[in-house]
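In: using only what follows, build the 3D model:
(chains A and B)
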Amino acid sequence: MICCREVAAKTSDYINKDVSWREWVEIRAHLLMCRLCRRYVLQMAGTVRLLRRLRFADSSTHDDAATMSTSAARQLFRSSRRPPPTAHDE
Amino acid sequence: MSAAADIPDETLVAQVIAGNEDAFASLVTRYQRPLLRLARSFVRDESLAEDVVQDTWIGLLRGIEKFEGRSSFRTWLFRVLTNRAKTRGVKESRYVSLEADPTAGDGDDDFNHEGGWRQPPVPWTITPERLALSDEFRTLLEQALAELPPGQRAVVELRDIDGLDAAEVCNVLDVSETNQRVLLHRGRTKLRAALAARLG
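Out: Below you'll find the predicted structure:
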């Protein structure tokens, strides 16, 4: 029977479904009996769900540094396509 | 959601190569914020992080025809940023190495010598879903993310916010699978603790 410390150490992999079948069974059996570890795993899973929401919250917030205007992007695109100056241009 | 948001990256890349500046603007809209977030993990100076992102876009425009599709576009783009951040950060002595992560602090103190809880997790007063309805959650998480060691921050952001899988993160950050798992777990553990301090 694995202990609470081991369950906590494997929580991230468990949430990612990145544990072996045997580890999964051990963790599930432990969680059935341990409400503290159940709480911990649920809170870790909740933390991950909140992090995922940050991605979708991005588009609804304003951070000047994090948004390049469409016109600035176009300008960057055009300058990258411009041929280097030649002697004739000068 | 606009129509451009539904266009796959690879389609936009082909359009950029063909000279379509609208397609480039769509890629910028899609990736500017994730790129800046990742740059902030490597270089703590805000203006330098913005320069690194700008360099990344310039590098992309110069080298986009070399993109062969062996990895996904976003993996390739994040990898370009990582290389640019290293180059710029090292040059200006402001690069934060992923190896600088402390090994302690992953919650070992919470357990007694028998492996049971010494400091059990306390119930949260509101659910994460309820918290997500407020603007507070964003501020809380952003602050907690900013306090993570750089490697943990980069891995958590790429995995949990940007949605890359483990192999993609290893490719972008040039870390082993084991190291990636450790960094992800430690980062998530600290973020849970930060939320618990507010919600417990």
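In: which secondary structure elements does the worst-scoring helix or strand of chain A on mean pLDDT contact?
Out: Within chain A, confidence by mean pLDDT, DSSP states H and E is lowest for helix A:70-81 among all helices and strands, at a mean of 81. Helices and strands touching helix A:70-81, by 3 or more CB pairs under 8 Å, 6 or more residues apart in numbering or on different chains; DSSP states H and E, are helix B:21-42, helix B:46-63. Heads up, the C-betas are built off the backbone N, CA and C, glycines and all.
In: which stretches of chain B form helices?
Out: Using DSSP state H, the helices of chain B run over residues B:9-17, B:21-42, B:46-63, B:73-91, B:128-132, B:136-146, B:150-156, B:166-173, B:177-199.
In: and if you look at chain A?
Out: If DSSP H is used as the criterion, the helices of chain A fall at A:4-15, A:21-33, A:35-57, A:70-81.
In: buried sites along the last one?
Out: Within helix A:70-81, the residues scored as buried using 16 or more other CB atoms under 10 Å in any protein chain shown are A:73, A:76-77, A:80.
In: can you give me the buried ones in the one helix or strand in chain B whose mean pLDDT sits lowest?
Out: Here the helix or strand of chain B ranked lowest by mean pLDDT, DSSP H and E is helix B:128-132, holding a mean of 84. If you call a residue buried by 16+ other CB under 10 Å, then helix B:128-132 has these buried ones: B:128, B:131-132.
In: which pLDDT value belongs to the residue sitting nearest the centre point of chain B?
Out: When CA atoms, centre = their mean is applied to chain B, the residue found nearest the centroid is residue B:157 (2.9 Å). Listed pLDDT for residue B:157 reads 95.
In: for residue A:17, see how far away it is.
Out: In this view, residue B:157 and residue A:17 are 21 Å apart by CB to CB, to the nearest Å.
In: residue B:200 too?
Out: For residue B:200, the distance to residue A:17 equals 27 Å [CB to CB].
In: is it true that residue B:27 touches residue B:12?
Out: Yes - assessed by CB atoms under 8 Å, residue B:27 is found in contact with residue B:12 at 5.3 Å.
In: what's the closest non-adjacent residue to residue A:80?
Out: residue B:61 (3.8 Å; CB to CB, 6 or more residues apart in numbering or on different chains).
In: now swap in residue B:63 and tell me
Out: In space, not counting the residues next to it along the chain, residue B:63 is nearest to residue B:80; the distance is 7.6 Å by CB to CB, 6+ apart.
In: run a quick neighbour tally on the one you found.
Out: Using other CB atoms under 10 Å in any protein chain shown, residue B:80 is surrounded by 20 other residues.
In: picking that back up, looking at the helices of chain A, which is buried most?
Out: helix A:4-15 (a mean of 20; mean count of other CB atoms under 10 Å in any protein chain shown).
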